[in-house]
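Engineer: Build me a structure from this.
(one chain, ligands or ions: 1)
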Amino acid sequence: MAKDIYLTGITTTGTPHIGNYVGAIRPGIAASKDPATEHFYFLADYHSLAKNEDPDKIARSTLEIAAAWLALGLDTKRAYFYRQSDIPEIPELTWILHGMTAKGLMNRAHSYKAAVQANVEEGGNDPDKGVTMALYSYPILMAADILMFKSTKVPVGQDQKQHVEMARDIAQRFNHHYGEVFVLPEAVIGEDTAVLKGLDGRKMSKSYNNTIPLFSSEKQLRKLIMKIKTNSLEPGEPKDPDDSTLFDMYKAFATPAETREIAKRYAEGIAWGEMKQLLFEYINEQIKPARDEYQRLIDDPAAVEAELKKGAMRAREIATPYLAEIRQAIGIRGLV
Ligand code: TRP
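Structural biologist: Numbers count the residues shown, from 1 in each chain. Model prediction:
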């Protein structure tokens, strides 16, 4: 059997937070150590155009996300680590895929439908208000990311599953029309425990503004953890671990044995203040070693840039000849 190829993108629209760490970065780096598989991780900066974000914010986010993965020990000699916009073959393939993408398929994308729904609820007369073509065809760019490197497995959150299925649909239609050019990808959805809750108890997400930045200073990390929402049970009253953001967070970092130990403390009525202090110390201990390296990289963007450029060179060794094949297949060819 051929090697499985894992590929996933990270949009460059925010500061890496501990939810990203637990859900994507930590498992990604761990998985990339397995020699039986290949791994592609990239900064999906062109995707950020869908929402017309602030340019400086995108540039800063690119630096921060790249520095985070590097500081946490991603081995860039093995894993492919690059920035989408450094691979011109990707936007080129995106256009090629437009020719094989049904408009009706894009109409069904959850993210587009949600934008339309919001407009309708607002009661205005344009259901497409604020919807750019970059938002509308976002799944096609994502399909190009995925198909460009013949990935078989695409680790994503539940909210991105439909996009991966669309990539598969597009690839299938293309293959039917032009012959077996693309490998069909499959989404890999992380387990429930990999979705961390934020300060307010909702899913930790930059869009809810409830995140804990992964490389907060020790002081800031402590302050944020102290802010996590709890109920009003007093010290000594038994508490339910299954209904506690603090517990979920602890569980995401600790071993199963340590987690069981804390569940016992809940039953015994641990005070929220003590639990917060304990959680802070635990997370801080794990993050500390990478924090200094992260800061060093943030202060040396040239080093990060060099890593990304190296990654792009390696990735293009695959993308350039493959795109030439794809162009042949569709009749975009030299005349002689
Ligand atoms: N859309 C994904 C997200 O918002 C990021 C992404 C872009 C991606 N291209 C991808 C994920 C390709 C997996 C594969 O999380």
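Engineer: all contacts plus neighbour counts: C-alpha atoms, from now on.
Structural biologist: Noted.
Engineer: The ligand contacts on the protein?
Structural biologist: 7-11, 44, 142, 145-146, 154, 156 (Cα under 6 Å from any ligand atom).
Engineer: mind listing the helices in the stretch 201-336 of the chain by residue range?
Structural biologist: Assigned by DSSP state H, counting those that start in this stretch, the stretch 201-336 of the chain shows helices spanning 218-227, 245-253, 256-267, 272-298, 301-330.
Engineer: Now render those helices as TSV, adding mean pLDDT and mean neighbour count.
Structural biologist: Formatted as TSV, the helices of the stretch 201-336 of the chain follow (pLDDT from 0 to 100; neighbours: other Cα atoms under 10 Å):
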stretch	mean pLDDT	mean neighbour count
helix 218-227	96	15
helix 245-253	94	20
helix 256-267	96	15
helix 272-298	96	16
helix 301-330	98	16
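Engineer: Using CSV, lay out the ones you listed together with distance to K33.
Structural biologist: Below are the helices of the stretch 201-336 of the chain laid out as CSV (distance: least, Cα to Cα, whole Å):
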stretch, distance to K33
helix 218-227, 29
helix 245-253, 20
helix 256-267, 22
helix 272-298, 18
helix 301-330, 17
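Engineer: And those: which comes nearest W95?
Structural biologist: If you check each of the helices of the stretch 201-336 of the chain against W95 by Cα to Cα, helix 301-330 wins as the nearest, at 11.4 Å.
Engineer: what's the angle from the closest one to helix 272-298?
Structural biologist: 80 degrees (axes from the mean of the first three to the mean of the last three Cα atoms, to 10 degrees).
Engineer: Tell me which other helices or strands helix 301-330 touches.
Structural biologist: Helices and strands touching helix 301-330, by 3 or more Cα pairs under 8 Å, 6 or more residues apart in numbering; DSSP states H and E, are helix 55-71, strand 80-83, helix 89-98, helix 138-148.
Engineer: quick one: that helix to helix 55-71, angle?
Structural biologist: Going by the same axes, to 10 degrees, helix 301-330 makes 100 degrees with helix 55-71.
Engineer: and helix 301-330, how far out from the chain's middle?
Structural biologist: Helix 301-330 sits 20 Å away from the centroid of its parent chain (Cα atoms, centre = their mean, to the nearest Å).
Engineer: which one of the residues of the chain next to the ligand has the most neighbours?
Structural biologist: I146 (29 neighbours; other Cα atoms under 10 Å).
Engineer: Check that one and give its pLDDT.
Structural biologist: pLDDT, I146: 98.
Engineer: and if you look at Q160?
Structural biologist: 94.
Engineer: what about it, neighbour count?
Structural biologist: Around Q160 there are 17 residues (other Cα under 10 Å).
Engineer: do the one 3 residues further on as well
Structural biologist: Residue neighbour count, defined by other Cα under 10 Å, stands at 22 for H163.
Engineer: again with L184
Structural biologist: 20.
Engineer: does it count as helix, strand or coil?
Structural biologist: coil (DSSP: H, G, I helix; E, B strand; the rest coil).
Engineer: Tell me who's in contact with the residue of the stretch 101-250 of the chain found nearest the ligand.
Structural biologist: Distances between the stretch 101-250 of the chain and the ligand by Cα to the nearest ligand atom are smallest at M142, namely 4.3 Å. For M142, the contact set (Cα atoms under 8 Å, 6 or more residues apart in numbering) comprises 163-164, 167.
Engineer: and this protein, what are its domains?
Structural biologist: In the domain annotation for the chain, the residue ranges read 4-101+137-195+301-330, 215-296 (automatic domain parsing).
Engineer: Thank you, goodbye.
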